[in-house]
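build me a model:
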Amino acid sequence: MEHNEDMARLEQFVEKLIDSHNQLKNENSEISFLLQAKQQEIADLQEKIKNLQEDRSVMHNRVGGLIDRIDEWEKTFEQEGSGQNSDPATGGSKSRAKKSSSSLFNVKAEQSSGSALR
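Residues are numbered from 1 along each chain as shown. Here you go, the predicted model:
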């Protein structure tokens with residue numbers, strides 16, 4: 001009888017080991033699936049970051065181009081204005097228009113030299 005009891009305990013122990021093994025195997029499978037999902041999510045987010053950085057670079061270049069065009073326009077406007085300031089027929093109105101326009105774009109220059117386009 002003692003032999004039968006030992007065998008029954010051994011069978012229970014083996015059953016518990018098999019159950020534990022199967023449970024750990026299932027957990028491992030679930031964790032592997034979650035890991036793959038997270039890796040895919042990371043790859044998607046990295047692609048999104050890359051696209052946003054490219055968009056930001058394009059916008060930065062476009063804004064820089066616009067600022068350069070405005071600077072060129074201001075220089076042209078100043079050159080035209082300085083050549084016509086002495087015209088008595090205008091009464092100096094172009095000079096006043098130039099100053100008010102220049103001050104408007106000076107705000108732009110101050111902002112662009114700051115941290116507006118990081």
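
report the longest helix in the protein, please.
Of all the elements of type helix in the chain, the one with the most residues (DSSP state H) is helix 2-84.

so which elements touch that one?
The criterion is 3 or more Cβ pairs under 8 Å, 6 or more residues apart in numbering; DSSP states H and E, and the helices and strands that helix 2-84 contacts are helix 93-113. Every C-beta, even on glycine, is put in place using the N, C-alpha and C of the backbone.

looking only at pLDDT, what's the mean for the helix it packs on?
Predicted confidence along helix 93-113 averages 48 (mean pLDDT).

likewise for stretch 36-54?
Averaging the model's pLDDT scores along stretch 36-54 yields 98.

need the contact partners of that stretch.
The set of residues that contact stretch 36-54 without belonging to it, under Cβ atoms under 8 Å, 6 or more residues apart in numbering, is empty.

which parts of that stretch are buried?
Counting neighbours by 16 or more other Cβ atoms under 10 Å, one finds that stretch 36-54 has no buried residues.

now swap in stretch 76-84 and tell me
Buried residues in stretch 76-84, counting neighbours by 16+ other Cβ under 10 Å, are found at 77, 81.

alpha carbons only: can I get it in CSV?
As requested, C-alpha coordinates have been extracted for stretch 76-84 and formatted as CSV (Å, rounded to 0.1, in the frame of the first residue of the first chain):
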residue,chain,number,x,y,z
THR,A,76,13.7,97.0,-53.2
PHE,A,77,11.1,99.1,-51.5
GLU,A,78,13.7,101.1,-49.6
GLN,A,79,15.7,101.6,-52.7
GLU,A,80,12.7,102.8,-54.6
GLY,A,81,11.6,105.0,-51.7
SER,A,82,15.1,106.5,-51.2
GLY,A,83,15.2,107.5,-54.9
GLN,A,84,11.8,109.1,-54.7
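
tell me the mean pLDDT over it?
Averaging pLDDT residue by residue across stretch 76-84 gives 79.

number of residues surrounding residue 70?
15 (other Cβ atoms under 10 Å).

again, but for residue 67
For residue 67, the number of neighbouring residues by other Cβ under 10 Å comes to 16.

likewise the one 4 residues further on?
Counted with other Cβ under 10 Å, residues neighbouring residue 71 total 14.
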